[in-house]
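any chance you can model this:
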Amino acid sequence: MAVLYGAQVFLRRFEERMSDAEIARLYAWSRDEELLRQSGGMKTELSQEEFREHVRGERLYGPTNRRMFLLFARDTLQLIGRIGIFAIDWNRRDAEMGVVIGERDYQNRGYGRDATRTLLHHLFTTSSLNAIYLYTFAENVRAQRSFAAVGFRVTEQGPRFTPEVGEFYGVKMEITRAEFLEMEAKQMKVIQS
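Below is the predicted model:
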């Protein structure tokens, strides 16, 4: 089983077998309009049974241009969110990242930041990806601060359109392999001194 460990979280590959309880939690988040509004997602119209079958099918036969992980809190072992990259372009060597902390008790406590840092370390040390980018709604300053703390920088701001959301004013942020590894090296020097 592929598990990535951070300071506060561990990430388990989406392709690993999921329990019915884990799928039920993912389903609840996919129906939570407030959570979806912040993350830019779209509410599922599937029944819980249809959703379960969809997830199991995606887990086994899903697209190869993404890497998805379930996000667990290390202290409680509870499933609290999901994180991953998609729209992977191996020619350009970049991908888009998304993260959702679905459990409200775990929001604003550094779990998303630690999950982002953990996944970036994995991607930049084990793959040929050279850049990771993401989009947030302009008003989602909390997410932007969290991503900036991990090293993302704003590269674009302006109108954006997605089929799920429609037109909105968005912020694009990006981090490169060199930027991340340099920041990580500086943090290690501080810890060692």
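
okay, helices next: where are they in the protein?
Ranges of helices within the chain are 20-30, 33-39, 48-61, 111-126, 141-150, 177-192, based on DSSP state H.

now, of those, which is deepest in the fold?
Greatest average neighbour count among the helices of the chain goes to helix 111-126 (a mean of 21), per mean count of other Cβ atoms under 10 Å. From N, CA and C alone the C-beta is placed, and that goes for glycine too.

show me what that helix is packed against.
Judged by 3 or more Cβ pairs under 8 Å, 6 or more residues apart in numbering; DSSP states H and E, the packing partners of helix 111-126 are strand 3-5, strand 9-13, strand 67-73, strand 79-89, strand 94-101, helix 141-150, helix 177-192.

closest one to residue 35 among these?
Of all these, the one in closest proximity to residue 35, counting by Cβ to Cβ, is strand 94-101 (6.8 Å).

buried sites along stretch 154-163?
Within stretch 154-163, the residues scored as buried using 16 or more other Cβ atoms under 10 Å are residue 160.

please apply the same query to stretch 168-179.
170-177, 179.

weakest of the helices of the chain in terms of mean pLDDT?
Per-segment mean pLDDT for the helices of the chain reaches its minimum on helix 48-61, at a mean of 75.

show me the contacts for residue 20.
residue 52 (Cβ atoms under 8 Å, 6 or more residues apart in numbering).

can you count the residues close to residue 100?
24 (other Cβ atoms under 10 Å).

quickly list what it is bridged to.
Residue 100 has these beta-bridge partners by DSSP bridges: residue 82.

distance of residue 25 relative to residue 33?
To residue 33, residue 25 is 16 Å away according to Cβ to Cβ, to the nearest Å.

many thanks, have a good one.
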